[in-house]
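[1] Requesting a structural model of the entry that follows:
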Amino acid sequence: MSRAGSAGGRRRVRSAALAVCVVAASVVGVATAGPAAASSGRSGSDTHRIAWGPCDPPDADLQCGTLAVPLDWDRPRGKTLDLAVVRRAASDPGRRIGSMLVNPGGPGQSGVDLVRGGGEDFDRWGGGRFDIVGWDPRGTNRSSPVDCFTSDAARDRFWGGRTIPTTAEESRAYQRKAVELARRCGQVSGDLLDHISTADTVRDLDALRAAVGDRKITYVGLSYGTVIGQTYLALFPGNVRAMLLDGLVDAAKYTTDAETRTANDVAFADTVFDRFVALCQEAGKARCALAGNGESVRSRVDRLFARIKKSPIPAPHADPPGALQYGDLLTATFNPLRLPSEWPQFAKDLEAAAGGDGSALLTNARPMTTPAGFAGATVSSAISCVDGPASTPSRAWPAALDRFTDSGKLWGPVLGWWLWAPCASNWPGRTDDAYRGPWAFTAEVPILLINNTFDPATSYPNAQATEKRIGNSTLLTNNGYGHPTYQDPSVCIDRARTRYLVDLVTPPKGTVCRPDTTPFPTPP
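    Model prediction:
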């Protein structure tokens, strides 16, 4: 059987799954139990069908369609919305098992784009024996997306020139922005905001399972997609054939409230950054640009952060030229820490900044602080705010941001403002149908959990907590870096993944795999 993902294929999966703002809102304390209505696993799925046809743009390997689902699952004959769906046929149709439904996380990432960009690799994961099916969850992308502005021009005016605030003056201005943002979202998106919880998406997922003709689901969830998976296990325990969850979110902390969720989301990035620094020091100058400069890598990095926190540094080669501010520096760590293959380049970018040129880091940060980047973060907030609302108002930002920064100095301010602030600013979405626990239960079939030891977004402790809560689950560890595990490829993981999806066999408890490469490889 071929390996589950060539190097090029893994790049395709990575580029499809890693959006500008991948917040595993984990991704991202025991949650209070959800209301009785949320515990019903109803989907009304027997009446829903997909009309498959060509994709736009056309792709000979793919079929596209839409699935109509109720806006409000409590009113199954009421208003509907259309979910965008894509399918890639199994490459070994003679031994086809069924469909593999996949979700890339976010919240808010596109499952359609995931299959478009990485469907061949998911086909390998399943040994060619599954149709690969992705969808854009409700409220996102092509499936009635949340919007807070009547035009792109209005969005650009609202967000233009913003970055992550790091001073009191900037923070006060951003807090006012967050309040205004919440008001505008309510005006433009209206009732949609009440019906985009993960539980609503899970009911859609069960309708999708029935629509593709599967009696039981085979599901692969990445990052926040693991919250979808855990919620499906809770609401539809008898409808599962196989479930593989990679990059585990602690669902209990995710749904407790926005403060607990954010503090947990940012808690492990500093640890991974410390490993980046240590491995760079070990690699030496030949493999890591930050090393061998007459001081330790730790000292060089600490001086750089202290310098930019005090005063921006020039970024003359950014497009357009500008200055690297402290908020930009924090934002610029967001994607590299998830991608160990990028660590040598990340070290070069930090070294350039240490030498007085912040152009590369500013260039890396800018996509996440464009108006489109902020809008993407708002979609994530819209979903997580109804799953676990804020407990404190955004006007209490000094204490809240102190808490987030204490939990994670790199990502605390970033995710605090991106994701917590909208939830805490009179967010207009409300629901009685969100599922907030209990999260401890025994699955009816074996469940495979996979996590990197040093994942900055969905920490290894989250994965361990999930394994303890879900009876009949097995945690497979990749002793590597990045988010999720395919960012640090391992033949051992590849084989275990395929054996589980095809044959329903989990590895022995406590199995630890090793990556095929190291973050700072020896130059050829």
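[2] Would you check that Pro507 makes contact with Ala496?
    Yes: the pair Pro507 / Ala496 is scored as a contact, 4.9 Å apart, by CB atoms under 8 Å. For every residue, glycine as well, the C-beta is placed using N, CA and C.
[3] can you list residues touching both of the two?
    Listed contacts common to Pro507 and Ala496 are Leu476; contacts here mean CB atoms under 8 Å, 6 or more residues apart in numbering.
[4] And Gly128, how close does it get to Thr498?
    Going from Gly128 to Thr498 by CB to CB, to the nearest Å gives 10 Å.
[5] So for stretch 84-96, what gets flagged as buried?
    For stretch 84-96, the neighbour count (16 or more other CB atoms under 10 Å) marks 84-91 as buried.
[6] Just give me the closest of those residues to Cys148.
    Proximity of these to Cys148 (CB to CB) peaks at Ala84, which lies at 20.5 Å.
[7] For Asp319, report the pLDDT, please.
    According to the prediction, Asp319 has pLDDT 89.
[8] Next, give phi and psi for it.
    phi -120, psi 100 (degrees, to the nearest 10).
[9] doesn't Thr363 make contact with it?
    Yes: between Asp319 and Thr363 there is a contact at 7.0 Å, judged by CB under 8 Å.
[10] More neighbours: these two, which one.
    More neighbours surround Thr363 than the other of Asp319 and Thr363, with 18 against 10 (other CB atoms under 10 Å).
[11] So which residues make contact with the helix or strand where that one lies?
    Assessed by DSSP states H and E, Thr363 sits inside helix 359-365. Residues from elsewhere that reach helix 359-365 (CB under 8 Å, 6+ apart): 163, 315-319, 321-324, 328-329, 331-332, 335-336, 348-350, 352-353.
[12] what secondary structure does the residue of the chain most remote from its centre sit in?
    Among residues of the chain, the one most distant from the C-alpha centroid is Gly294; the distance is 38.5 Å, by CA atoms, centre = their mean. Three-state call for Gly294 (DSSP: H, G, I helix; E, B strand; the rest coil): coil.
[13] Now do the helices for the stretch 401-524 of the chain: every range, in order, please.
    412-415, 421-423, 460-469, 491-503 (DSSP state H, counting those that start in this stretch).
[14] and the last one, C-alpha only, in CSV?
    Provided in CSV are the C-alpha atoms of helix 491-503 (Å, rounded to 0.1, in the frame of the first residue of the first chain):
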residue,chain,number,x,y,z
VAL,A,491,5.7,6.8,8.0
CYS,A,492,4.7,5.3,11.3
ILE,A,493,1.7,7.7,11.6
ASP,A,494,0.8,7.1,7.9
ARG,A,495,0.6,3.3,8.4
ALA,A,496,-1.4,3.5,11.6
ARG,A,497,-3.8,6.0,10.1
THR,A,498,-4.6,3.9,7.0
ARG,A,499,-4.8,0.6,9.0
TYR,A,500,-7.4,2.3,11.3
LEU,A,501,-9.5,3.8,8.5
VAL,A,502,-9.6,0.7,6.4
ASP,A,503,-9.5,-2.1,9.0
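[15] what's the average pLDDT for the top strand by length along the chain?
    What stands out as the longest strand in the chain, according to DSSP state E, is strand 441-454. The predicted model gives strand 441-454 an average pLDDT of 98.
[16] can you count the residues close to Cys185?
    26.
[17] In this structure it contacts Ala382, no?
    Yes: with contact defined as CB under 8 Å, Cys185 reaches Ala382; the gap is 6.9 Å.
[18] who touches both of the two?
    Going by CB under 8 Å, 6+ apart, residues that sit against Cys185 and also against Ala382 are 146, 193, 422, 427.
[19] And what about the first one, helix, strand or coil?
    Meaning Val146. Per three-state DSSP, Val146 ends up coil.
[20] And stretch 188-204, how far out from the chain middle?
    When distances are taken as CA atoms, centre = their mean, to the nearest Å, stretch 188-204 is centred 18 Å away from the chain's centroid.
[21] Identify each buried residue in that stretch, please.
    Buried-residue list, stretch 188-204, by 16+ other CB under 10 Å: 189, 192-204.
[22] helix or strand for Ser91, which one?
    When the helices and strands are read off by DSSP H and E, none of them contains Ser91.
[23] quick one: contacts for it?
    123, 128.
[24] per-residue confidence for it?
    Reported pLDDT for Ser91: 97.
[25] Then Pro524?
    76.
[26] residue contacts, the closest residue to Lys79 other than its chain neighbours?
    Using CB to CB, 6 or more residues apart in numbering and skipping residues adjacent in sequence, the residue nearest Lys79 is Leu71, 4.5 Å away. Leu71 sits next to 78-81, 191-192, 195 when contact means CB under 8 Å, 6+ apart.
[27] Mind putting these into TSV with secondary structure?
    Listed next are these as TSV, based on three-state DSSP:
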residue	secondary structure
Gly78	coil
Lys79	coil
Thr80	strand
Leu81	strand
Asp191	helix
Leu192	helix
His195	helix
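[28] Among these, which one sits closest to Ser299?
    Leu192 (50.6 Å).
[29] Give the residue spans of the stretch 351-500 of the chain that score low on pLDDT.
    Within the stretch 351-500 of the chain, no range satisfies pLDDT under 70.
[30] that older thread, just put the buried residues of stretch 84-96 in CSV and tack on distance to Leu248.
    Shown next, in CSV, are the buried residues of stretch 84-96 (distance: CB to CB, whole Å):
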residue, distance to Leu248
Ala84, 27
Val85, 26
Val86, 26
Arg87, 27
Arg88, 26
Ala89, 30
Ala90, 27
Ser91, 29
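[31] Which ones among those lie within helices?
    Among the buried residues of stretch 84-96, DSSP state H puts none in helices.
[32] hang on, Phe149 in a helix?
    No: assessed with three-state DSSP, Phe149 is coil; it does not lie in a helix.
[33] so is the closest residue to it other than its chain neighbours in a helix, a strand, or just coil?
    Leaving aside its sequence neighbours, Phe149 sits nearest to Arg155 (CB to CB, 6+ apart; 4.1 Å). Following three-state DSSP, Arg155 is assigned to helix.
[34] switch to numbering from 327
    In the new count, where the first residue is 327, that last one comes out as Arg481.
[35] and the gap between Arg481 and Gln435?
    For Arg481, the distance to Gln435 - CB to CB - is 19 Å.
[36] The two: which is more packed in?
    Gln435 (30 against 19).
[37] Just to check, that one is in contact with Thr466?
    Yes: the criterion here is CB under 8 Å, and Gln435 meets it with Thr466 at 7.5 Å.
[38] What score does the residue nearest to Lys405 have for pLDDT?
    At Leu397, pLDDT is 97.
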